[in-house]
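# could you look at this predicted model? Sequence included:
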Amino acid sequence: MRPAAPAALPPHAAGPPVTGAVAVTPTTIAPAGGLQGTVVGRGRYAIDRMLGRGGMSAVYMARDLHVAGRLVAVKEMVDQFADAQERLEAERDFAREADMLATLHHAAIPTIIDRFSENNRHLLVMEYISGENLEHKLEAHGPFDEETVRAWALELCSVLSYLHGRQPPVVFRDLKPGNIILQPDGRVRLIDFGIARLFKPQQKADTTALGTSGYASPEHYTGQTDARSDIYSLGATMHHLLTGRDPSKFPPFQFPPVRDLNPAVSSEMAAVVEKAVRTSHEKRFATVDDMRKALEPKRKKKNAAATSPARTSGAPPTPRPATAAANGHAPAAPVPAQGSQTPPVTPAPFAFPSIPTPQQRSNPSNTPAPAPAPVAAAPTPAPIAAQPAVQAAGPGDRGVQRGQARRLRRHRRRDRGAHRG
Ligand SMILES: Nc1ncnc2c1ncn2[C@@H]1O[C@H](COP(=O)(O)OP(=O)(O)O)[C@@H](O)[C@H]1O
Ligand SMILES: [Mg+2]
């Protein structure tokens, strides 16, 4: 993985590479995906079944025979370099990038266990993550509710912040639902660090197609990716998760307003997503931490104070911790489809959400209030970023509680004293 690399990425370029344009020896090289039932890595990894397959790569579930048969994921990448020098360079790049990945330590990133190259196959062994990727989840269940998406997005912000904070910064570049696994415990993990691109035969490594049309920012196409390109892809991913509209099926860089597709989404959340997918990177969040702050649920105290000044109880408001919603991985009921105004799409196995009428759009207060989001609608994204973090408010609130408890004890002592006296 490198800080930035150009991507000549035509729409829908994420499919299998076309081998006809390159000098290869296809008859002597078996494509990826035929390792089931074999043992690779000098008798160490017994390949069980295939988990996923791209053009020149495949991912398998395997057992590590050296470590109590633990489950691992083995990613197989097949190169098609006819030129021995090119293959040598690709092997070197593979080793270097796999070693770099092995230095990453974050709860949302699978641990790298091993790597090796055999003939023209390059294998990366990593921690097996149980669960299902969010692309499959979307296909099965349709859009997800706002709080669930918020919790996942906050986790993704955390891992992106970690990557962007590395020296040199690591730009993930292919964030999309298919590269996020939802674990049974509701947490999300990031997979597919793009190492397979080293073996794409069409181009040199530094011009290899990166990213996926629909989720890729304009800079992905010009090779000037930076942290804000990941912010764009995160925004595109959230847009897909909230609306059910798959951006890879539409011309790139066009995102209808979130609430046009799913009016149940709050205007604050819509504003965050729409800011993240601005075409101009300067208009997006400057950093993923800025995006995280904008995503964090608002403190309800301010609103509560404004609406119910009579609240005298010592109990502070207890906003839901960001991660709590992660467990709610049961999807939101898809918004029922009414006369769709979205561009035509290839048939999807779930209902597309309803679209409000132009009148509703010009008068957003007519749109149904999103049930779980009691936060007042904000007309612009700016005030969102200015909100303090919920977590940061915790200790302060506890301090208030402690003060009240002390006062109560003092009163009781005084009462007892007065009674005795
Ligand atoms: N570490 C892992 N643990 C479990 N499943 C994985 C792991 N890595 C990949 N997969 C599965 O394999 C699929 C393809 O993996 P990915 O690395 O995204 O390959 P590709 O380069 O083909 O996109 C994923 O969508 C996921 O379902
Ligand atoms: Mg992938």
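Structure received. Ligands and ions are numbered 1, 2, ... in the order given.

# tell me which residue of the stretch 151-300 of the chain lies closest to ligand 1.
residue 192 (3.3 Å; C-beta to the nearest ligand atom). Yep, even glycine has a C-beta here, placed from its N, CA and C like the rest.

# contact partners for the closest residue to that residue other than its chain neighbours?
Leaving aside its chain neighbours, residue 192 sits nearest to residue 179 (4.3 Å; criterion: C-beta to C-beta, 6 or more residues apart in numbering). Taking C-beta atoms under 8 Å, 6 or more residues apart in numbering, we find residue 179 in contact with 133, 190, 191, 192.

# repeat that for 10 Å
133-135, 172, 189-194, 212, 215, 233, 237 (C-beta atoms under 10 Å, 6 or more residues apart in numbering).

# got CSV for those residues, with pLDDT too?
What follows is the contacts of residue 179, written out as CSV (pLDDT from 0 to 100):
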residue, pLDDT
133, 97
134, 98
135, 98
172, 94
189, 98
190, 97
191, 95
192, 92
193, 88
194, 79
212, 92
215, 97
233, 98
237, 98
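
# quick one: low-confidence parts of the stretch 51-200 of the chain?
55, 200 (pLDDT under 70).

# around ligand 1, which positions in it sit nearby?
Proximity of the stretch 51-200 of the chain to ligand 1, by C-beta under 6 Å from any ligand atom, involves residues 51-52, 54, 57, 59, 73, 75, 110, 126-129, 133, 178-179, 191-192, 196.

# go again with 8 Å.
With C-beta under 8 Å from any ligand atom as the criterion, the stretch 51-200 of the chain meets ligand 1 at residues 51-55, 57-59, 61, 73, 75, 110, 126-133, 135-136, 174, 178-179, 181, 189, 191-194, 196.

# any of these buried? List them.
Listed as buried from these are 51-52, 54-55, 57-59, 61, 73, 75, 110, 126, 128-129, 131, 133, 135, 174, 178-179, 181, 189, 191-194, 196; burial here means 16 or more other C-beta atoms under 10 Å.

# where do the strands of the stretch 101-250 of the chain begin and end?
Here the stretch 101-250 of the chain has its strands, by DSSP state E, counting those that start in this stretch, at 112-118, 121-127, 132-133, 180-182, 188-190.

# can you say which of the ones you listed is nearest to residue 47?
strand 121-127 (9.8 Å; C-beta to C-beta).

# just want the angle from that closest one to strand 112-118.
Here strand 121-127 runs at an angle of 170 degrees relative to strand 112-118 (axes from the mean of the first three to the mean of the last three C-alpha atoms, to 10 degrees).

# strand 121-127 pairs with which strands, parallel or anti?
Next to strand 121-127 in the sheet, as set by DSSP bridges, lie strand 70-78 (antiparallel), strand 112-118 (antiparallel).

# those: which one's closest to residue 30?
Comparing those by C-beta to C-beta, strand 70-78 comes nearest, at 7.5 Å.

# the residue of the chain found nearest ligand 2: what's it in contact with?
Per C-beta to the ion, residue 192 is where the chain lies closest to ligand 2, at 3.6 Å. Applying C-beta under 10 Å, 6+ apart to residue 192 gives the contacts 52, 54, 57, 59, 75, 110, 133, 172, 174-176, 178-181.

# what does residue 270 give?
146, 238-239, 242-243, 257-263, 377-378, 381.

# recalculate using a threshold of 7 Å.
Contacts for residue 270 were tallied using C-beta atoms under 7 Å, 6 or more residues apart in numbering; they are 257, 258, 259.

# ok, so of those, who is nearest residue 119?
Of these, the one sitting nearest to residue 119 (C-beta to C-beta) turns out to be residue 258, at 48.2 Å.

# how about the residues of the chain by ligand 2?
Contacts of the chain with ligand 2, taken as C-beta under 5 Å from the ion, map to 179, 192.
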